[in-house]
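*Asks:* Turn this into a structure:
(one chain, ligands or ions: 1)
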Amino acid sequence: MSDDAVREALLNTVRRFVTDRLRPLERKVAEDNQVPEEVIAEMRELGLFGLSIPVEYGGLGLSMEDECLATIELCKASPAFRSFIGTNVGIGSHGLVMFGTEAQKRAYLPRIASGEIITSFALTEPEAGSDSGSVQTRARRDGDHYVIDGAKRYITNAGRAHLFTVMARTNPEVKGGGGVSAILVPRDTPGLSVGKPEQKMGQHGAHIHDVNFDGVRVPVENRLGEEGQGFRMAMQVLDRGRLHISAVCIGVAERLVADSVAYALERRQFGKPIAEQQLIQGMIADSKTEALAARALTLETARKRDGGETVTLEAASAKLYASEMVGRVADRAVQIFGGAGYTADHGIERLYRDVRIFRIYEGTSEIQRLVVARETLRRGG
Ligand code: COS
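*Replies:* Residues are numbered from 1 along each chain as shown. Here you go, the predicted model:
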């Protein structure tokens with residue numbers, strides 16, 4: 001099969017999984033605040049946990065562009081499903097993929113790719129949110145070990161994670177990101193504890209937790225890359241993660257446009273489908289146009305990254321635009337559905353709540369603007 005045919009076969013498999021398995025379960029997942037175990041098992045069988053893990057370590061080894069395409073399709077179901085695989089596909093594993101030694105990769109990547117182990121990316125702290133270079137979690141050197149003390153907050157999938165990539169300050173003399181290192185910490189290390197899942201506005205079924213470190217001892221060989229490089233690595237992982245989140249936003253937006261169109265064609269007022277009303281058409285046109293623009297920007301950036309370019313600016317632009325875009329699209333969808341959009345019946349209000357986090361996590365819209373502005377000024381235009 002050609003590369004195009006392999007890609008199309010994968011996308012069709014994801015489309016079928018979304019239509020046949022995930023969409024019918026969305027409401028139950030939101031109500032139970034839990035993705036059923038059998039769905040997780042099916043996601044494993046489909047290879048979804050390993051979309052982006054290189055083939056030599058058991059993953060599907062997708063390019064960034066293909067990962068985005070698959071993510072767009074997957075996110076035509078509730079984004080809570082995507083969240084479950086999201087850390088293994090992205091921020092929880094790519095520190096290892098990009099900066100791990102061969103021994104570190106062999107130890108973990110095959111089991112990450114299969115979904116046997118779940119990963120978490122532990123950067124954010126109670127006092128280090130947008131200012132992520134200011135992490136206070138401390139990793140003190142003790143012979144050939146680090147001893148980690150501190151607290152992380154809002155850590156996705158921490159409740160089930162087996163492996164954490166923890167950004168901790170190894171050099172307290174250096175303020176800011178330069179004193180921070182990235183360290184792999186297995187879940188069962190004594191002193192590591194995970195708090196209860198937070199109650200959230202949306203994406204019920206996807207969970208975030210506090211993670212506490214109380215004298216957690218890990219061997220020095222668990223460090224990713226050099227001492228003091230952890231913040232820079234985290235930023236590079238986030239460059240990639242921001243493209244992935246852009247794809248998530250596009251998937252939800254395309255689904256909302258399709259749902260809005262279907263409803264507008266069926267719902268009759270003034271003796272005809274509301275789709276014939278030009279003010280409804282205007283909302284559909286704006287949503288469709290913005291979703292297309294986000295798709296174009298995201299896939300173009302993904303191709304640049306696949307070609308080896310640094311895409312810090314473009315990934316931040318894509319994340320800024322796509323996350324703001326899906327907020328507007330969700331708002332218009334509620335408007336098109338009217339009263340039915342505000343009730344739980346069609347799941348539109350649920351998606352409206354689900355998408356709010358996209359403007360906040362993996363860097364707020366304000367941080368994306370700051371990154372875009374800095375890079376644009378640096379490049380001179
Ligand atoms: N790729 C490579 N290196 C990067 C980088 C990137 N994308 N971004 C920053 N760096 C490097 C810088 O080049 C700089 O290196 P030098 O010290 O050698 O000059 C170093 O990292 C520090 O960068 P900077 O000075 O830009 O750090 P700031 O403290 O000003 O913070 C922002 C930069 C605000 C952009 C960063 O803290 C950020 O992205 N915050 C949001 C974090 C986030 O997304 N959190 C979400 C939770 S994770 S799910």
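*Asks:* Please count neighbours and contacts with C-alpha atoms only from this point.
*Replies:* Noted.
*Asks:* Show me which residues of the stretch 201-350 of the chain sit near the ligand.
*Replies:* Residues of the stretch 201-350 of the chain that fall close to the ligand, judged by C-alpha under 6 Å from any ligand atom: 232, 235-236, 239, 312.
*Asks:* Quick check: of those, which lies closest to residue 356?
*Replies:* For residue 356, the nearest member of those is residue 239. The distance, counting by C-alpha to C-alpha, is 20.3 Å.
*Asks:* residues near that closest one, how many?
*Replies:* Here the number of neighbours of residue 239 (other C-alpha atoms under 10 Å) works out to 23.
*Asks:* Now residue 154: which helix or strand?
*Replies:* strand 145-156 (DSSP states H and E).
*Asks:* need the helices for the stretch 251-381 of the chain, in chain order.
*Replies:* With DSSP state H, counting those that start in this stretch as the criterion, the stretch 251-381 of the chain has helices at 278-306, 312-337, 339-342, 348-354, 365-379.
*Asks:* In a helix, residue 215, correct?
*Replies:* No - with DSSP: H, G, I helix; E, B strand; the rest coil as the criterion, residue 215 is located in strand rather than a helix.
*Asks:* and it, what does it touch?
*Replies:* Contacts were defined as C-alpha atoms under 8 Å, 6 or more residues apart in numbering; by that measure residue 215 touches 147-149, 191.
*Asks:* if we go to 10 Å?
*Replies:* The neighbours of residue 215, taking C-alpha atoms under 10 Å, 6 or more residues apart in numbering as the test, are 138-140, 146-150, 189-192.
*Asks:* swap in residue 37?
*Replies:* Residues in contact with residue 37 (C-alpha under 10 Å, 6+ apart) are residue 43.
*Asks:* So for the closest residue to residue 335 other than its chain neighbours, what's the pLDDT?
*Replies:* Once its chain neighbours are removed from consideration, residue 335 has its nearest residue in residue 341; the separation is 6.9 Å (C-alpha to C-alpha, 6 or more residues apart in numbering). As predicted, residue 341 sits at a pLDDT of 98.
*Asks:* What of residue 29?
*Replies:* Per-residue confidence for residue 29 comes out at a pLDDT of 98.
*Asks:* Which residues does the one helix or strand it maps to contact?
*Replies:* When secondary structure is defined using DSSP H and E, the element that contains residue 29 is helix 23-32. Residues outside helix 23-32 that contact it (C-alpha under 10 Å, 6+ apart) are 17-18, 22, 33-36, 39, 76-81, 202-206, 344-347, 350.
*Asks:* 8 Å - rerun?
*Replies:* In this structure, residues lying in contact with helix 23-32 by C-alpha under 8 Å, 6+ apart are 35-36, 77-78, 203-205, 347.
*Asks:* Same check on stretch 328-348?
*Replies:* 27, 253, 256-257, 260, 263-264, 280, 283, 287, 349-352, 355.
*Asks:* just to revisit the earlier point, residue 45: which of the contacts of residue 215 is nearest?
*Replies:* Comparing the contacts of residue 215 against residue 45 with C-alpha to C-alpha places residue 189 closest, at 28.7 Å.
*Asks:* Now do the contacts for that closest one.
*Replies:* By C-alpha under 8 Å, 6+ apart, the contact list for residue 189 reads 216-218.
*Asks:* what's the answer for residue 222, then?
*Replies:* When the contact criterion is C-alpha under 8 Å, 6+ apart, the partners of residue 222 are 104, 183-185.
*Asks:* now do residue 355
*Replies:* By C-alpha under 8 Å, 6+ apart, the contact list for residue 355 reads 202, 249, 323, 326-327, 330.
*Asks:* of those, buried ones?
*Replies:* Neighbour-count burial (16 or more other C-alpha atoms under 10 Å) is assigned, among the contacts of residue 355, to 202, 249, 323, 326-327, 330.
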